[in-house]
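Enquirer: Just to be clear, the model below is a prediction. Sequence and coordinates:
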Amino acid sequence: MRLELFFSDLRPEHQNPASETAIGKVTFDMLSDAAQAAVRAVGQGLLYTSDHDMYRPIYPPALEITHREVDGVTVLDCNGRITLVGGGSAILRETIRNVMAANPKPKVLLNFSGVEHVDASGIAELISAFTSVTNAGGSLRVVNLTHKLHNLAQITKIYSVLEVHNDEAQAIRSFA
């Protein structure tokens, strides 16, 4: 593994490692074992805190989900990022499992109005959730995609798998 860390004065125009204003360069193999472990942890989205002598996530929890029931439909209001880093994908997976444990044939509506970003693991988790709910005899729909997520859904062809709505009331009526 070869990693090069560049140091500069942090002004945006000086962020280019090839810049003449870069102050220095350190290669990964020059670092101590502890420093190498810290760099690996940062690469995994963790930050070492000496005050507690432990690693903690760099990012706040990626996803917050609130539950509500509307006309027999479980609406999950999602806010944040559905990503691998930060655990948003895992949070979505666990929430769907809990909904399915409470109702063997759930009607689930994912409200994505507060979702900022979905990465590849989030797309995979969304498809997995759809498959799990459908195989259990339930149904899953998505509502309120942001413009960015709408484009992502078109590129990934999620529309061919998931039913996506722009209006929550219309989406809830579609379960009837």
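Expert: Thanks, I have the structure now.
Enquirer: Next, the buried residues of stretch 133-145.
Expert: For stretch 133-145, burial by neighbour count (16 or more other C-beta atoms under 10 Å) applies to 133, 138-145. Where C-beta positions appear, they are placed from N, C-alpha and C, glycine not excepted.
Enquirer: Check these for the minimum pLDDT and say which it is.
Expert: Within the set of the buried residues of stretch 133-145, pLDDT is lowest for Leu145 (92).
Enquirer: so who does that residue touch?
Expert: When contacts are counted by C-beta atoms under 8 Å, 6 or more residues apart in numbering, Leu145 touches 112, 115, 153, 164, 166.
Enquirer: Take the buried residues of stretch 133-145 and keep only those in helices.
Expert: In this view, the buried residues of stretch 133-145 that belong to helices under DSSP state H are Val133.
Enquirer: returning to what we had before: please pick the buried ones from the contacts of Leu145.
Expert: Looking at the contacts of Leu145 with 16+ other C-beta under 10 Å, the buried ones turn out to be 112, 115, 153, 164.
Enquirer: could you pull out the strands for the protein?
Expert: In the chain, the segments counted as strands under DSSP state E are 4-7, 24-27, 46-49, 54-57, 63-70, 73-82, 107-118, 139-143, 163-165.
Enquirer: how about those, which one is nearest Ile96?
Expert: Nearest to Ile96 among those is strand 107-118; the distance by C-beta to C-beta comes to 7.1 Å.
Enquirer: And that closest one, what's buried?
Expert: 107-112, 115-118.
Enquirer: Other residues contacting stretch 116-124?
Expert: Contacts for stretch 116-124 (C-beta under 8 Å, 6+ apart): 80-84, 88-89, 92, 126, 146, 148-149, 152, 156, 158.
Enquirer: redo that, cut-off 7 Å
Expert: 80-84, 88-89, 149, 152, 156 (C-beta atoms under 7 Å, 6 or more residues apart in numbering).
Enquirer: shaky segments in this structure?
Expert: 1-61 (pLDDT under 70).
Enquirer: What is the neighbour count of the residue nearest to Thr83 when sequence neighbours are not counted?
Expert: Once flanking residues are discounted, Thr83 sits nearest to Asp119: 4.4 Å by C-beta to C-beta, 6 or more residues apart in numbering. As a burial measure, Asp119 scores 18 neighbours (other C-beta atoms under 10 Å).
Enquirer: again with Ser89
Expert: 26.
Enquirer: tell me the domain boundaries of the protein?
Expert: 4-57, 63-173 (automatic domain parsing).
Enquirer: can you give me the end-to-end distance of the last one?
Expert: Domain 63-173 stretches 27 Å from its first residue to its last (C-alpha to C-alpha, to the nearest Å).
Enquirer: Quick check: buried residues in stretch 84-95?
Expert: 84-93, 95.
Enquirer: which ones are touching Asp77?
Expert: Applying C-beta under 7 Å, 6+ apart, the residues near Asp77 are 65-66, 111, 114.
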